[in-house]
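In: build me a model from this:
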Amino acid sequence: MSDFADFENDITEQEDVIEAFIDVLFLEHGLSENTLAAYRTDLEKCDAFMKAEQGRDNLLEVTQQDIEQYLAHRVDLGLKPRSTARAISALKRFYLHWVKTQKISASPMVNIALPKTGQAIPKTLTENEVEALLDAPNVEDPMGLRDKAMLELLYATGLRVTELVGLRMEQINLRQAVVLVRGKGGKERMVPMGEEAQHWIELFIQQGRALMIKHATDFVFPSKRGIGMTRQTFWHRIKHYAILANITSPLSPHTLRHAFATHLLNHGADLRVVQMMLGHSDLSTTQIYTHVASERLKSLHQEHHPRA
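Out: Next up is the predicted model:
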């Protein structure tokens with residue numbers, strides 16, 4: 001029986017069932033803050049609609065018809081199918097939890113299907129664009145040296161930005177040139193960083209890091225205030241260097257992660273190896289990059305083959 005059985009049995013209809021569910025996701029399943037925030041947002045949007053339009057006191061009173069009205073409302077707002085699919089997944093997990101704890105007898109999501117979203121092809125950079133981006137920071141400046149080391153590590157390992165900015169000194173092994181990554185759900189994976197990233201991280205630690213630290217911290221890459229950096233701050237740094245490198249391709253916080261995976265596959269890496277380094281639990285998530293690689297090969301064929 002769950003450790004939270006007594007806690008859940010004490011929940012009344014007037015209490016916030018959303019926060020109670022979020023607490024269980026955190027305490028029992030160890031989901032990250034970003035994932036919890038996404039769940040909370042999707043559930044709160046549905047809850048607001050149910051109270052304002054359907055007259056429901058909380059989500060445990062909702063019927064399948066109410067859900068169908070909510071999904072129609074999302075269509076009217078012009079929201080993308082992928083966004084609605086995520087919201088449906090959150091609601092399905094929410095109601096499944098409360099059915100299991102016997103707070104409700106059945107889920108209103110049983111007959112609700114996910115919308116067809118198609119397969120989104122990740123936006124990435126060419127190898128030349130990556131080289132230009134990596135060369136953009138001014139390594140004579142401690143902050144530029146830090147950014148150079150971060151970009152090199154990001155491209156060398158395919159880390160998520162959240163994983164990168166949260167790295168602690170104990171996770172970096174320069175002698176073996178590996179990084180211990182703590183990813184989603186508290187899962188750990190060991191990823192090789194390569195000689196280039198190893199060189200720049202070592203240089204930053206030896207020459208730049210001490211100049212940026214104002215207070216004791218074990219973050220590998222401190223902010224200019226000497227504390228841990230936010231992912232939003234680092235994302236702004238990437239966009240700054242993209243401008244300096246004259247990169248006009250669309251960027252996202254995962255751009256270098258996508259480039260890492262795509263370029264590995266372009267050069268013959270095994271898909272399961274890439275899966276392990278990215279920290280994907282399902283191989284199908286990694287397979288999207290084979291589509292990117294295939295599109296690149298088609299483009300090269302059409303550009304260079306005399307009969308293309």
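
In: so which residues of the stretch 101-250 of the chain form helices?
Out: Taking DSSP state H, counting those that start in this stretch as the criterion, the stretch 101-250 of the chain contains helices spanning 127-134, 142-157, 161-165, 194-207, 209-212, 231-244.

In: which of those sits most buried?
Out: helix 142-157 (a mean of 23; mean count of other Cβ atoms under 10 Å). All C-beta spots, glycine's among them, are computed from the backbone N, C-alpha and C.

In: please save the CA atoms from that helix in CSV.
Out: Output of helix 142-157 as CSV, limited to C-alpha atoms (Å, rounded to 0.1, in the frame of the first residue of the first chain):
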residue,chain,number,x,y,z
PRO,A,142,36.2,34.6,-17.7
MET,A,143,32.5,34.6,-18.6
GLY,A,144,33.3,34.0,-22.3
LEU,A,145,35.5,31.1,-21.2
ARG,A,146,32.7,29.7,-19.1
ASP,A,147,30.3,29.9,-22.0
LYS,A,148,32.8,28.3,-24.4
ALA,A,149,33.2,25.4,-22.0
MET,A,150,29.4,25.1,-21.6
LEU,A,151,28.7,25.1,-25.3
GLU,A,152,31.5,22.6,-26.0
LEU,A,153,30.1,20.3,-23.3
LEU,A,154,26.5,20.7,-24.5
TYR,A,155,27.4,19.7,-28.1
ALA,A,156,29.8,16.9,-27.0
THR,A,157,27.3,15.2,-24.6
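
In: mind pulling up the pLDDT for the nearest residue in space to Cys46 that is not next to it in sequence?
Out: With sequence-adjacent residues excluded and distances taken as Cβ to Cβ, 6 or more residues apart in numbering, Cys46 is closest to Tyr70, at 5.8 Å. At Tyr70, the model reports a pLDDT of 92.

In: same thing with Glu303?
Out: 53.

In: how does this protein divide up, domain by domain?
Out: 5-100, 127-304 (automatic domain parsing).

In: tell me which of these sits most buried.
Out: domain 127-304 (a mean of 17).

In: and it, how far out from the chain middle?
Out: The chain centre lies 13 Å from the centre of domain 127-304; the measure is Cα atoms, centre = their mean, to the nearest Å.

In: can you list contacts of the longest helix anywhere in the chain?
Out: In the chain, with assignment by DSSP state H, the single longest helix is helix 81-100. Here helix 81-100 makes contact (Cβ atoms under 8 Å, 6 or more residues apart in numbering) with 17-18, 21, 24, 38-39, 42-43, 45-46, 59-60, 67, 71, 74-75, 104-109, 112, 114-118, 120.

In: low-confidence ranges in the stretch 151-300 of the chain?
Out: 185, 269-276, 279-300 (pLDDT under 70).

In: ok, which stretches of it are strands?
Out: Along the stretch 151-300 of the chain, counting by DSSP state E, counting those that start in this stretch, strands occupy 172-173, 178-182, 188-192.

In: how about those strands in a markdown table, adding distance to Leu244?
Out: A markdown table is the format used below for the strands of the stretch 151-300 of the chain (distance: least, Cβ to Cβ, whole Å):
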| stretch | distance to Leu244 |
| --- | --- |
| strand 172-173 | 27 |
| strand 178-182 | 26 |
| strand 188-192 | 28 |
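
In: which one, of those strands, ends up nearest to Glu202?
Out: strand 172-173 (9.4 Å; Cβ to Cβ).

In: relative to the closest one, what are the paired strands and their orientations?
Out: Neighbouring strands of strand 172-173 in its sheet, by DSSP bridges, are strand 178-182 (antiparallel).

In: could you give the angle of the partner strand to strand 188-192?
Out: 150 degrees (axes from the mean of the first three to the mean of the last three Cα atoms, to 10 degrees).

In: relative to helix 194-207, how tilted is strand 178-182?
Out: Following the same axes, to 10 degrees, one obtains 80 degrees for the angle between strand 178-182 and helix 194-207.
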